[in-house]
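> Here you go, sequence then predicted model.
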Amino acid sequence: MLSQRSLRSITSAGLRSNLRSSKIVPASGDHHEGKQGPSQKVFAVLETIVNARRPLTVSELVVLMDVPKPTMHRIVRQLDNDGFLV
């Protein structure tokens, strides 16, 4: 039986492959020392969603942006509450 970690890894790898074949790419930005501030993360998520030209799930955004799932949920919830997502 697969562990949760192995299952997540397999799922993420398959999702990454599907996203690449769909030509959806994360927003590229100027990453200073690999650290993004909160507003930079939000704008990167918005840019990624716009570039996708199709609805993306939170799981897809997590894989594309390499952001922890709770962080992505928080960003998406805030964008939705503020009326930026439809």
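All right, it came through fine.
> Tell me which helix or strand comes right after the one helix or strand in the chain whose mean pLDDT sits lowest.
Ranked by mean pLDDT, DSSP states H and E, the helix or strand of the chain with the weakest confidence is helix 4-21, at a mean of 52. Downstream of helix 4-21, the next assigned helix or strand under DSSP states H and E is helix 38-52.
> by how many degrees do whatever helix or strand comes next after that following helix and helix 38-52 diverge?
Under the assignment DSSP H and E, the closest C-terminal helix or strand after helix 38-52 is helix 58-65. Relative orientation of helix 58-65 versus helix 38-52 (axes from the mean of the first three to the mean of the last three Cα atoms, to 10 degrees): 110 degrees.
> Can I get helix 58-65 in CSV? Just the C-alpha atoms.
The C-alpha trace of helix 58-65 is given here as CSV (Å, rounded to 0.1, in the frame of the first residue of the first chain):
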residue,chain,number,x,y,z
VAL,A,58,-6.4,24.9,-6.0
SER,A,59,-4.4,21.7,-6.4
GLU,A,60,-3.3,22.8,-9.9
LEU,A,61,-2.2,26.2,-8.5
VAL,A,62,-0.3,24.5,-5.6
VAL,A,63,1.7,22.5,-8.1
LEU,A,64,2.2,25.3,-10.6
MET,A,65,3.2,27.9,-8.0
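> Show me what that helix is packed against.
Counting contacts by 3 or more Cβ pairs under 8 Å, 6 or more residues apart in numbering; DSSP states H and E, helix 58-65 packs against helix 4-21, helix 38-52, helix 69-81. Just so you know, the C-beta spots here come from the backbone N, C-alpha and C atoms, and that holds for glycine as well.
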